[in-house]
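In: Give me the fold of what follows.
(one chain, ligands or ions: 3)
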Amino acid sequence: MNEMFTPGAQRAMDRAEVRARQRDAAAVEPRDLLVALVDEPECRAAELVVEFGSTPDDVRQALGAPPVEASLPAAPGENERGYDLVAADRPPVPHSRTLRAVVGEAMVQARAAERSGMVGTEHLLAGLTTEAAAALEPVRSAGLDLERLREYLSRPALVAADPVLPLEDVAPLDLSDSARSVDIGRILDASANRAREGLRVVEDFARFALDDPGLTRRLKETRHRLAETLRGFDPDLLIGSRDTPDDVGAHIMTHSEQIRENPRAVLVANFKRTAEALRSLEEYGKLVNVWLAGRFEVLRYDVYTLEKLVLTAVQSYRALGDARLMVLVGGLPTLGDLTWIVGEALAGGADVIQLREKNLPDRELLTRAREVRILTAQAKARFIVNDRPDLARLAGADGVHLGQDDVTVRDARRITGPHLLIGVSTHERAQVDAAVLAGAGYLGVGPIFPSATKEFSEPELAGLAFARTVAEMTRLPWFAIGGITEENVERVVEAGASRIAVSAAVVRASRPRAATTRLRALLDGREFVDDDTASGE
Ligand SMILES: Cc1ncc(COP(=O)(O)OP(=O)(O)O)c(N)n1
Ligand SMILES: Cc1ncsc1CCOP(=O)(O)O
Ligand SMILES: [Mg+2]
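Out: Ligands and ions are numbered 1, 2, ... in the order given. Predicted coordinates:
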């Protein structure tokens with residue numbers, strides 16, 4: 001027995017190997033581990049899979065795994081773990097690179113939790129959701145809400161919790177049968193109101209100030225789930241125990257409660273109020289029903305996530321609100337060439353410069369990045385470094401841009417600290433959801449058209465249809481990218497894009513400054529006046 005794993009997790013690891021053999025696979029993959037986890041329905045990971053929307057059968061089906069009876073010789077006694085796992089005459093199936101990353105992350109999670117550091121099944125599930133997201137994609141079709149599960153599992157201290165009873169099984173609680181019940185009813189009633197009100201305040205902001213359909217939907221769903229959970233309490237008794245006139249705290253208002261310096265402060269205060277109220281519902285709820293209390297815990301973690309999403313959106317608007325034209329530069333022979341083209345793009349009206357270098361030694365890259373930082377700062381433009389959070393930070397850039405194969409937002413954040421913008425490339429709807437949830441500050445959306453800068457095969461083109469989709473999903477700043485030129489930019493704007501990122505249209509233009517100005521004017525829907533020509537240049 002490997003002492004690193006709890007017995008349940010060890011069984012899952014062993015079963016994963018059985019599942020891999022069953023597929024005749026050369027390596028045990030994350031999908032084998034997920035199937036192995038749901039093969040054991042009593043384990044915490046399997047319970048979580050169910051709690052977040054799926055069932056073991058659906059997961060197996062989505063991953064093309066045969067039913068459990070057909071796969072696992074369950075007869076106890078064949079070995080100490082109760083089934084014939086690894087025949088002695090066969091070498092063990094190796095773990096794939098991704099699975100090793102999953103187990104590594106599970107160990108980090110286990111150490112962060114309060115337990116002995118042993119990896120439990122919930123830590124393996126946490127590792128899967130963060131390190132093997134792509135492998136888990138098919139289980140979305142099985143109903144699993146991967147984003148919420150990932151957020152739940154990445155909460156600060158992962159401790160084994162009691163299973164949560166499905167809400168429909170929770171009978172209304174009778175709070176009237178003990179003397180103390182009225183007091184608990186008062187606390188629960190006040191906390192329920194605070195939580196509802198706090199959520200409504202931030203929902204109003206997402207809806208009317210941010211105008212963001214995705215965030216508004218998430219907040220509304222959370223508010224509805226709160227209402228649904230509160231129905232587990234008997235409403236008459238909650239109302240019955242309300243006694244506002246005699247509430248000694250009703251008119252006590254601290255100085256900080258009276259002052260809100262800006263909308264962000266309103267948001268922060270109301271998220272805090274909501275989370276505190278949910279904590280009260282959870283703690284006092286435990287006195288009456290532990291399952292219902294668990295529901296409030298899940299909601300509280302959802303609220304933490306929502307706080308991150310809403311505050312990230314606010315920060316992004318502040319940083320990129322008016323930035324409509326990003327110019328990608330790179331691959332130039334000398335520093336002088338680079339500073340010239342950056343100067344031209346800025347003079348032409350570029351709002352953001354992205355330094356995209358693929359082949360330079362790090363030291364030279366950092367030198368160039370620092371130079372671009374100076375030029376962009378002088379022009380009051382923003383500066384993004386492609387691919388490299390470390391160099392973005394060292395160069396004092398405003399942000400870093402990450403693709404689907406680059407380091408994750410979570411890892412980049414560890415390097416950049418809280419203030420840098422992190423942009424993420426997206427090519428399909430699920431990537432938009434995932435990027436927003438991960439805390440992306442802006443999105444790259446494309447490729448819209450074939451590009452002269454980067455090669456894509458036909459199926460990789462996301463096209464204008466994808467721009468239309470993103471326009472309906474989010475108001476987080478997003479830049480359409482890929483083959484955008486003066487000739488086609490109007491179609492991109494018509495598809496709902498208000499921001500674009502271009503490279504060849506500026507860098508390869510005969511007059512980069514004028515090309516930038518023309519693009520900026522087309523984006524703004526303005527008439528273009530060629531100043532260079534007018535001034536006889
Ligand atoms: C604004 C913007 N959107 C998309 C990309 C592409 O990033 P990525 O997919 O990582 O590809 P590379 O640029 O690294 O080749 C981008 N750079 N900027
Ligand atoms: C880096 C990148 N990713 C998608 S398209 C692209 C290149 C954008 O350059 P261009 O505007 O020349 O197509
Ligand atoms: Mg990249």
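In: Could you pick out the residues of the chain near ligand 2 for me?
Out: 328, 446-447, 451-454, 481-484, 502-505 (C-beta under 6 Å from any ligand atom). Using the backbone N, CA and C atoms, a C-beta is placed for each residue, glycine as well.
In: same thing but at 5 Å, please
Out: Neighbours of ligand 2 within the chain, by C-beta under 5 Å from any ligand atom: 447, 451, 453-454, 481-483, 502-504.
In: where does Thr55 land on pLDDT?
Out: pLDDT recorded at Thr55 is 90.
In: does it really touch Val139, like I thought?
Out: No - the criterion here is C-beta atoms under 8 Å, and Thr55 misses it with Val139 at 10.6 Å.
In: Export the residues of the chain next to ligand 2 to JSON lines and append columns for secondary structure, pLDDT and neighbour count.
Out: Formatted as JSON lines, these follow (DSSP: H, G, I helix; E, B strand; the rest coil; pLDDT from 0 to 100; neighbours: other C-beta atoms under 10 Å):
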{"residue": "Pro447", "secondary structure": "coil", "pLDDT": "97", "neighbour count": "23"}
{"residue": "Ser451", "secondary structure": "coil", "pLDDT": "96", "neighbour count": "18"}
{"residue": "Thr453", "secondary structure": "coil", "pLDDT": "96", "neighbour count": "18"}
{"residue": "Lys454", "secondary structure": "coil", "pLDDT": "95", "neighbour count": "17"}
{"residue": "Ile481", "secondary structure": "strand", "pLDDT": "98", "neighbour count": "30"}
{"residue": "Gly482", "secondary structure": "coil", "pLDDT": "98", "neighbour count": "26"}
{"residue": "Gly483", "secondary structure": "coil", "pLDDT": "97", "neighbour count": "21"}
{"residue": "Val502", "secondary structure": "strand", "pLDDT": "98", "neighbour count": "28"}
{"residue": "Ser503", "secondary structure": "coil", "pLDDT": "98", "neighbour count": "23"}
{"residue": "Ala504", "secondary structure": "helix", "pLDDT": "98", "neighbour count": "16"}
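In: Let me have these in CSV, extended by distance to His419.
Out: Written out in CSV, the entries for these read as follows (distance: C-beta to C-beta, whole Å):
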residue, distance to His419
Pro447, 29
Ser451, 31
Thr453, 29
Lys454, 29
Ile481, 24
Gly482, 29
Gly483, 32
Val502, 27
Ser503, 27
Ala504, 31
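In: near ligand 1, which of those residues show up?
Out: On the criterion C-beta under 5 Å from any ligand atom, Ile481 are the entries of the residues of the chain next to ligand 2 that sit beside ligand 1.
In: Pick the one among the residues of the chain next to ligand 2 closest to ligand 1.
Out: Distance to ligand 1, by C-beta to the nearest ligand atom, is smallest for Ile481 among the residues of the chain next to ligand 2, at 4.3 Å.
In: ok, now which ones touch the closest one?
Out: Residues in contact with Ile481 (C-beta atoms under 8 Å, 6 or more residues apart in numbering) are 425, 444-448, 500-502.
In: So which of those belong to strands?
Out: Counted as lying in strands by DSSP state E, out of those, are 425, 444-445, 500-502.
In: Can you tell me which of those has the most neighbours?
Out: Using other C-beta atoms under 10 Å as the neighbour test, the ones in strands among the contacts of Ile481 are led by Val445, with 31 neighbours.
In: Please verify my assumption that it contacts Ala480.
Out: Yes - under the criterion of C-beta under 8 Å, Val445 makes contact with Ala480 at 5.2 Å.
In: Thought Met326 was touching Asn386, still the case?
Out: No - using C-beta under 8 Å, Asn386 is not in contact with Met326; the gap is 10.9 Å.
In: Neighbour count for these two, which is higher?
Out: Neighbour tally, Asn386 and Met326, criterion other C-beta under 10 Å: the higher count belongs to Met326, 26 against 22.
In: Bridged to that one, which residues?
Out: Beta-bridge partners for Met326, by DSSP bridges, are Val352, Ala501.
In: and it, how far is that from ligand 3?
Out: Separation of Met326 from ligand 3 (C-beta to the ion, to the nearest Å): 14 Å.
In: returning to that earlier point: which neighbours do Asn386 and Met326 have in common?
Out: Common contact partners of Asn386 and Met326 (C-beta under 8 Å, 6+ apart): Gln354.
In: residues touching Ala65, list them.
Out: By C-beta under 8 Å, 6+ apart, Ala65 lies in contact with 19, 22, 31, 35, 71.
In: So which of those residues sit within helices?
Out: 19, 22, 31, 35, 71 (DSSP state H).
In: Widest-spaced pair of these?
Out: Spanning the widest gap among the ones in helices among the contacts of Ala65 are Arg31 and Ser71, at 13.5 Å by C-beta to C-beta.
In: Point out where this protein drops to low pLDDT.
Out: Residues of the chain that meet the criterion pLDDT under 70 lie in 1-3, 69-89, 111-117, 155-182, 237, 240, 242, 244-261, 528-537.
In: and the longest helix for it?
Out: In terms of residue count, the longest helix belonging to the chain (DSSP H) is helix 290-320.
In: For that one, list every residue counted as buried.
Out: Residues of helix 290-320 classed as buried under the neighbour-count rule (16 or more other C-beta atoms under 10 Å) are 291-307, 309-317, 319-320.
In: Same check on stretch 129-143?
Out: For stretch 129-143, a neighbour-count test (16+ other C-beta under 10 Å) marks 129-133, 135-136, 138-140, 142 as buried.
In: So which of the residues you listed is the closest to ligand 3?
Out: Each of the buried residues of stretch 129-143 was scored against ligand 3 by C-beta to the ion, and Ala133 proved nearest at 17.1 Å.
In: That closest one contacts Leu437, doesn't it?
Out: No - Ala133 lies out of contact with Leu437 (C-beta under 8 Å); the separation is 10.7 Å.
In: Pull up the overlap in contacts between the two.
Out: Common contact partners of Ala133 and Leu437 (C-beta under 8 Å, 6+ apart): Arg150.
In: Right, and ligand 3 sits closest to which residue of the stretch 401-537 of the chain?
Out: Going by C-beta to the ion, ligand 3 is nearest to Gly403 of the stretch 401-537 of the chain, at 3.4 Å.
In: Just to check, that residue is in contact with Val409?
Out: No - distance between Gly403 and Val409: 11.5 Å, which falls outside the contact criterion (C-beta under 8 Å).
In: Please identify which of these two sits among more neighbours.
Out: Shown here are Gly403 and Val409; by other C-beta under 10 Å, Val409 has more neighbours (21 against 14).
In: check contacts around the closest residue to that one other than its chain neighbours.
Out: Spatial nearest neighbour of Val409, excluding adjacent residues (C-beta to C-beta, 6 or more residues apart in numbering): Ala438 at 4.0 Å. Going by C-beta under 8 Å, 6+ apart, Ala438 touches 408-410, 424.
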